[in-house]
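Enquirer: Mind looking at a prediction? Sequence and model below.
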Amino acid sequence: MQKKAEKNSLSYKLLFISMFLVLMIVWWIFEFGLHAKDMGVNSNNFDVISLYFFAFYAVVIYAYFLLFSESSFVTNSNSYLYFLIIATLIRLILGINTTGHPIDINCFRAWMNIAATEPFELYEKGIFIDYFPGYLIIIGLIKSIAVKLSINNTIDTFLVKIPNIMSDIGIVLLLGTLKQHGTKNEKKIEIFVALSPVLILLSSMWGQTDNFVLFLFMLYVLCIRYNWYTFGGVVLGFLTFTKPQVLLFLPAVFFTWLYRLMGKKDVKFVFGEIIGFIIVCAGFYLAFMPYHNYLWLIEFYKKIAGEYPYYTVNAYNIYYALGLNWVKLGSMYNIINIIVLLFVYTLSVLILISKFDNKTRKNDNEDTFAYAEGLCTSFFLIGLVTFNFMTGMHERYLIYTLIFSLLVFKFTRKEKWFFITIGISILSFINTADVLKYAFRNTYFIKQDAMNTIVSCINCFASVLIVTVLTLEALKIKSQQIKFK
């Protein structure tokens, strides 16, 4: 029976590797290789040239980790530092020499200049702004330092990218601290993250905030894992006021607080986390509140929801597969999103309870481990389902599931989670690279074609499959716990 299970596991693994290898190679050939001239690779446009060759780099990196993830070349801890240096240099070279996503970079540069001189008046200027102040005050601080050092304005684009590049390195370093007791000191996942094409693309070539948000999520999980609850609450508060999409993940945190308080587990630590969270949120709310506008945050969310009333905004999900890209829906507050959120939060609660109610744990260290693993699994599920089935999703939002899947792998050491991480990374890279390729040519609507539709279908199929497996695992664990009682 065991040999049969191992044989089936090997067959699924080979099928997965073959499918994603073929997907990456075919995608590069049809989206880049055959269209080099159309892209303008023969021109002097460094953005286009760098993306063309970087896409090929992605194919090589993903192929290597799919085929040789257990080789000593990537598991040897001695080579870790060299890879980290190389990865940092790649980010710096691309960050300095590429202009980024035109619309996003122009917005961030404008907000950065205001935040550098009048940070607390960001929301009183009457300008277009759809981001929270958390990230904006960081780039505003960097701009202030640059001004004092008399650094030329020509590098403003790179200044916007600095927090994300630093966050990538921070993620790798934080991952190194999350070593499960009794496992060998290999650095495979850290090296993969350091060389990850999708993370490099977003931080150094695109110039978005997502890498910074991922770093804060990583830091929060680290706080939970090692009982730094008050600081964890501070990080969570800052994270909440960094990007609106973070709100999707907060219900899982709130349920964890409620569960632990009802079970009278570490009550003082939970209260410490809640107090830290409330203080930081209140500080942001009051500091950036427009003059006497006490409902400004509610109005802000209403405005954001009205900006993207589409089934999908270039996200390769179920709606893209159905030909509904940039098709108007009315509002993000719709029955589809309500049903999706009710489903995913219900399933998240089931997974959290199955992780938290493990009666075999013997000490507080195992408790914090279970809380951290449970939250990461729940976050992963929320990110995966909302990207594929909620409306109004952007191409970049799948990246959040990447950080949570690799954290679950660090906690469980189950090989399937490493391959899930690679698969998500590939799918996310294809989506973001396609969008950035057109953005460099000032085109922001991605026409549907066979390749993109295939990627969308794989996203949806993988989502349904993973959700089904996680649900069955949670139900099995829960039934065992009931029998144990």
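Expert: Perfect, I can see it now. Residues are numbered from 1 along each chain as shown.

Enquirer: Mind listing what's buried along the helix or strand harbouring F461?
Expert: Secondary structure assigned from DSSP states H and E places F461 in helix 450-484. Across helix 450-484, burial judged by 16 or more other C-beta atoms under 10 Å covers 451-452, 454-456, 458-460, 462-463, 466-467, 470, 474, 477. (Each C-beta comes from the backbone N, C-alpha and C, glycine too.)

Enquirer: count of neighbours near S11?
Expert: By other C-beta atoms under 10 Å, 10 other residues sit near S11.

Enquirer: The one 5 residues further on now?
Expert: Neighbour count of F16, defined by other C-beta under 10 Å: 17.

Enquirer: check contacts around it.
Expert: For F16, the contact set (C-beta atoms under 8 Å, 6 or more residues apart in numbering) comprises 419, 423.

Enquirer: What helices and strands are in contact with the helix holding F461?
Expert: helix 2-31, helix 318-321, helix 335-356, helix 364-389, helix 415-439 (3 or more C-beta pairs under 8 Å, 6 or more residues apart in numbering; DSSP states H and E).

Enquirer: same thing but 6 Å
Expert: Counting contacts by 3 or more C-beta pairs under 6 Å, 6 or more residues apart in numbering; DSSP states H and E, helix 450-484 is packed against helix 318-321, helix 335-356, helix 364-389.

Enquirer: can you redo the ones you listed as a markdown table with mean pLDDT?
Expert: Shown next, in a markdown table, are the helices and strands packed on helix 450-484 (pLDDT from 0 to 100):
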| stretch | mean pLDDT |
| --- | --- |
| helix 318-321 | 97 |
| helix 335-356 | 94 |
| helix 364-389 | 89 |
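
Enquirer: Would you mind finding the most buried of those?
Expert: Ranked by mean neighbour count, the helices and strands packed on helix 450-484 are led by helix 318-321 with a mean of 24 (mean count of other C-beta atoms under 10 Å).

Enquirer: Tell me which residues are up against it.
Expert: 311-312, 388-389, 453, 456-457, 460 (C-beta atoms under 6 Å, 6 or more residues apart in numbering).

Enquirer: ok so, going back, so which of the buried residues of helix 450-484 comes closest to Y444?
Expert: The closest of these to Y444 turns out to be N452 (C-beta to C-beta; 14.8 Å).

Enquirer: residue contacts, the closest one?
Expert: Contact partners of N452, counting by C-beta under 6 Å, 6+ apart, are Y316.

Enquirer: at 10 Å instead, please
Expert: Going by C-beta atoms under 10 Å, 6 or more residues apart in numbering, N452 touches 27, 31, 314, 316, 320-321, 325, 430-431, 434, 446.

Enquirer: who wins for neighbours among those residues?
Expert: Counting neighbours by other C-beta under 10 Å, Y316 leads those with 33 neighbours.

Enquirer: and that one, helix, strand or coil?
Expert: When classified by DSSP: H, G, I helix; E, B strand; the rest coil, Y316 comes out as coil.

Enquirer: nearest spatial neighbour of T177, skipping sequence neighbours?
Expert: Nearest residue to T177, sequence neighbours excluded (C-beta to C-beta, 6 or more residues apart in numbering): L222, at 6.6 Å.

Enquirer: ok, back up a step: out of the helices and strands packed on helix 450-484, the one nearest T157 is which?
Expert: Minimum separation from T157 across the helices and strands packed on helix 450-484 (C-beta to C-beta) falls at helix 364-389, 27.6 Å.

Enquirer: check contacts around I454.
Expert: I454 makes contacts with 23, 26-27, 316, 321, 430, as judged by C-beta under 10 Å, 6+ apart.

Enquirer: Max pairwise distance over these: which two?
Expert: The span of these, defined through C-beta to C-beta, is set by V26 and A321 at 17.5 Å.

Enquirer: how about T98, phi and psi?
Expert: Reported as degrees, to the nearest 10, the phi and psi values for T98 are phi -110, psi 150.
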